[in-house]
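Undergrad: Quick one, structure for this:
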Amino acid sequence: MSSCSELTIFKVSKENIPKVIALSLLIIDEINANETVITSHNILQKTDNEEELCWHLTWINKEAAQLNTEKWPNLPSTKALMSLVGEKVYYGHFVDVA
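TA: Residues are numbered from 1 along each chain as shown. Have a look, this model is predicted:
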């Protein structure tokens with residue numbers, strides 16, 4: 001089975017960026033608590049707009065990504081993270097095609 005990449009872009013005010021990064025790492029740990037389903041991750045900042053942060057997650061497969069998308073609202077740190085996010089600009093999953 002092929003891995004699955006997730007890209008999520010959040011708009012975050014400058015003063016909330018450190019908290020959002022910390023909560024992002026905590027959420028990844030929460031997702032991986034029982035089984036490692038995210039095998040790598042990057043939290044990126046847009047080069048021409050520092051108020052846009054991007055999650056680039058690599059999931060073990062698209063099924064794991066979908067299952068955890070369904071669990072997202074109930075993760076312990078989700079509400080805290082989303083209270084600091086001004087806008088979710090983009091969200092999507094991708095698989096290799098070539």
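
Undergrad: the helices in this protein, which residues?
TA: Remark: helices assigned in the chain by DSSP state H are 17-31, 62-71, 78-84.

Undergrad: Adding mean pLDDT and mean neighbour count, write those helices out as CSV.
TA: Where you see a C-beta, it was placed from the backbone N, CA and C, and this is true even at glycine. Written out in CSV, the entries for these read as follows (pLDDT from 0 to 100; neighbours: other CB atoms under 10 Å):
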stretch, mean pLDDT, mean neighbour count
helix 17-31, 97, 16
helix 62-71, 95, 14
helix 78-84, 96, 14
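
Undergrad: And those helices: which comes nearest residue 56?
TA: Proximity to residue 56 (CB to CB) singles out helix 17-31 among the helices of the chain, at 11.2 Å.

Undergrad: Now do the closest one against helix 62-71, angle only.
TA: Compare the direction of helix 17-31 with that of helix 62-71 by axes from the mean of the first three to the mean of the last three CA atoms, to 10 degrees and you get 120 degrees.

Undergrad: Alpha carbons of helix 17-31, in PDB - could you do that?
TA: Only the C-alpha atoms of helix 17-31 are listed here, as PDB (Å, rounded to 0.1, in the frame of the first residue of the first chain):
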ATOM      1  CA  ILE A  17       2.400  30.900  15.900                       C
ATOM      2  CA  PRO A  18       4.500  29.500  18.700                       C
ATOM      3  CA  LYS A  19       1.400  28.100  20.400                       C
ATOM      4  CA  VAL A  20       0.000  26.600  17.100                       C
ATOM      5  CA  ILE A  21       3.400  24.900  16.400                       C
ATOM      6  CA  ALA A  22       3.400  23.400  19.900                       C
ATOM      7  CA  LEU A  23      -0.200  22.200  19.600                       C
ATOM      8  CA  SER A  24       0.500  20.800  16.200                       C
ATOM      9  CA  LEU A  25       3.300  18.700  17.500                       C
ATOM     10  CA  LEU A  26       1.100  17.600  20.400                       C
ATOM     11  CA  ILE A  27      -1.700  16.600  18.000                       C
ATOM     12  CA  ILE A  28       0.700  14.500  16.000                       C
ATOM     13  CA  ASP A  29       1.800  12.700  19.200                       C
ATOM     14  CA  GLU A  30      -1.900  12.200  20.100                       C
ATOM     15  CA  ILE A  31      -2.600  10.700  16.700                       C
END
